[in-house]
Each structure stands twice: as C-alpha cells, then as structure tokens.
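Asker: how would this look folded up:
(2 chains)
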Protein chains: 2
Amino acid sequence: MPLSEIVFRLGERNDLSQIIRLLADDSFSGDLESAQDVSTDRIPSAYQQAWEAVVASGENQILVAAHGVQVIAVLQLTMIPSLTLRGSRRAQIEGVRVASVYRGQGVGTQLMQWAIDLAKKENCLLVQLTMDRRRERAVRFYRRLGFVASHEGFKMQLDQQEGFGNG
Amino acid sequence: MPLSEIVFRLGERNDLSQIIRLLADDSFSGDLESAQDVSTDRIPSAYQQAWEAVVASGENQILVAAHGVQVIAVLQLTMIPSLTLRGSRRAQIEGVRVASVYRGQGVGTQLMQWAIDLAKKENCLLVQLTMDRRRERAVRFYRRLGFVASHEGFKMQLDQQEGFGNG
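Answerer: Numbering: from 1, shown residues only, chains lettered A, B, ... in the order given. Take a look at the predicted model:
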C-alpha cells in the first residue's frame, strides 16, 4: 500500500464504529473496549456520548487516517491552556492506534506528525503523551519522532474495573 | 501550623501573582518561570492570557490552598472527554506546587485528595499525571495517594527554549 493512498483528516461521526474497532484491536487495552457490540454496528451509548463531548469541546480533536472507506489509524489531540512554563499551551495525544495490518508502513508516523504540526500552529510549547510501559516497541517509535521519556506517568483508577492500561 | 487553618478553594484572579511565585519556587522548573517580573507585581502578559484561557475553558480549574491571604499550594485540574476505555472521561493534574516552607504537613495530600474527589464527582474513570523523574521524593507522595507508575511520560518541546522539565 503506497502511503499516497492514505488520507489524513478529522474524524467524522460516521467513523465512530470503525474507530471503536481500532481501539479494541489492541493487545494491551483492547479487552477493555466493546468490540462485540460494535461488530453489530450498535454503538454503545457511552461511546456516543464521549463522541458528542469531544466534538462539543473546543479543546479536543479526533484525527484519523483513512484508506478508502476504511479508518486505519486514530488519535485524540487535546489542547490544554496552562499556567506553567510561563503560561504555555500544551498539546496532549491520547489513544494512538494503527490497524494491525497497516503497522510498520509509516501511517502512525504521518498521523503523529500531523498532530505535532497542529500543536505548533496552535502555539503549543510542548507535546506530551503517556505510554503503557508494556508497549516496548512503541518507545522507539516515539523517540524517533523526537519525544523524550523524561517523566513518570502515574494513573489512578476511580472505580472497580480492573486491569486496564491505556496508552 | 494546624491543617484546619488552611482553606482549599478555587483559584481567583487576585491569586495569580502568588501562584506564579509558587511555580517559580521550584528547583526543577522554577527557573523557567518569571519570578523577577512577578516580584514587582507586574504580571507578564503570557500568564494573564493563560489565566483567561483556563477560566474560559469549561474543562480546566485551578485549585489552591490558602493560609490567610497567602496562597501556599496550587494545581491545575483538566477534565478530558475521551473515546478510550469505553468512552470514559479522564481527569488530569498538572503543575502541582506546595510552598517550600509548608511542605511535609499534609497540604499537598489534601489538595490532591480534593482534586481526586472532584474527578469522581465528574464521573472520571481515571486520574492521571506525569512527574519529572528528578522529583524522586514525589514518587512516594503519589504512590501513597494510590497512583501507579504504569506509564512512560514522553514530552517534546516545540521551540528553542531549553532545559525545562515540568512535573
């Protein structure tokens, strides 16, 4: 697949079931998503509400890569106004996923590069993300993009659901 | 100082110069803040603009601890709508600072606990933060609160400013 066939664009409401399938196609956090419901295209209401909240927020965007009608990669970009670092904006990236059959072909790199470019245009001083330590291969991916693993990423669950580890 | 004398409340515009002094009173990132300007109470415009952006955002709050008219601790709480983890909201904490003379007395713990309680009330599934690895003592602080250091925290600077490392 030549990379020129891939379109990088904002996610649309019609992409949602494919995005949820992408989130579920993940060996670390996939079992925490609801692939079984999505396979019948009945999208669980929690995802629908989350979609509406992301769209309504002026500080959040969903970026996707698409190959024809197929959504093959996704990430969420959040702009955070902040008092620290002399009142700098930060851009934060969450939920980076590339469809397993499309990995290793530069799709993730290009999607991340677009997110970084958007952060620059929005005058962010910093782009940040956290990555589950079990995603060993992804460390090289983020280092190549120019990220530095300078911080510890702490998480605390607030309910009884067990064993998730999002990256 | 008994903890009962401390008031935990939302930050107000009048607190801003004290908050900036707190951010500058930090051995890891303090030199990146503008303490010299603030000491004359001429608040740099970047901080003022950041304050307006945080207040205007429905997803960000500044929490402070005050002892009389003195602001002695601060943190920023951001609510992030998210598609991952079945469309869960996340709460993120940034810029945690306690005035050096007030450390070790439970002020930071109580401020963090209030932030965690707010996250629960807002139906967040997760509270997250990143911490500069050089803040070795803070690791125990966050562990005691119930955080797990499960993730790598990656940062990328987008301009030429050197050597900052916010926690």
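Asker: any idea which helix or strand carries the residue nearest the centre of chain A?
Answerer: Taking CA atoms, centre = their mean, the centroid of chain A lies closest to residue A:75, which sits 2.3 Å from it. Residue A:75 is located in strand A:70-80, with elements delineated by DSSP states H and E.
Asker: low-confidence regions, chain A specifically.
Answerer: With pLDDT under 70 as the threshold, chain A has low-confidence stretches at A:30-31, A:34-41, A:160-167.
Asker: counting neighbours, what do you get for residue A:21?
Answerer: Using other CB atoms under 10 Å in any protein chain shown, residue A:21 is surrounded by 18 other residues. Glycine gets a C-beta too; all of them are placed from N, C-alpha and C.
Asker: distance of it relative to chain B?
Answerer: According to CB to the nearest CB, to the nearest Å, residue A:21 and chain B sit 12 Å apart.
Asker: and that residue, that one's in a helix?
Answerer: Yes - under DSSP: H, G, I helix; E, B strand; the rest coil, residue A:21 falls within a helix.
Asker: contacting residues for the residue nearest to the centre of chain A?
Answerer: Shown in contact with residue A:75 (CB atoms under 8 Å, 6 or more residues apart in numbering or on different chains): A:62, A:63, A:93, A:94, A:95, A:96, A:97, A:111, A:112, A:115.
Asker: okay, those residues in CSV with neighbour count and secondary structure next?
Answerer: CSV is the format used below for the contacts of residue A:75 (neighbours: other CB atoms under 10 Å in any protein chain shown; DSSP: H, G, I helix; E, B strand; the rest coil):
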residue, neighbour count, secondary structure
A:62, 19, strand
A:63, 20, strand
A:93, 24, strand
A:94, 20, strand
A:95, 21, strand
A:96, 23, strand
A:97, 26, strand
A:111, 23, helix
A:112, 25, helix
A:115, 22, helix
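Asker: which ones, among those, also lie beside chain B?
Answerer: Intersecting those with the surroundings of chain B, defined as CB under 8 Å from any CB of the partner chain, gives A:62, A:94, A:95.
Asker: dump these to a markdown table, plus distance to residue B:13.
Answerer: As requested, those are arranged in a markdown table below (distance: CB to CB, whole Å):
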| residue | distance to residue B:13 |
| --- | --- |
| A:62 | 33 |
| A:94 | 31 |
| A:95 | 34 |
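Asker: I figured residue A:61 hits residue A:76, correct?
Answerer: Yes - at 7.3 Å, residue A:61 and residue A:76 qualify as touching, with contact defined as CB atoms under 8 Å.
Asker: those two: which has the busier surroundings?
Answerer: Comparing residue A:61 with residue A:76 by other CB under 10 Å, the one with more neighbours is residue A:76, at 23 against 18.
Asker: and the strands in chain A, which stretches?
Answerer: A:6-10, A:60-67, A:70-80, A:89-98, A:124-132, A:148-157 (DSSP state E).
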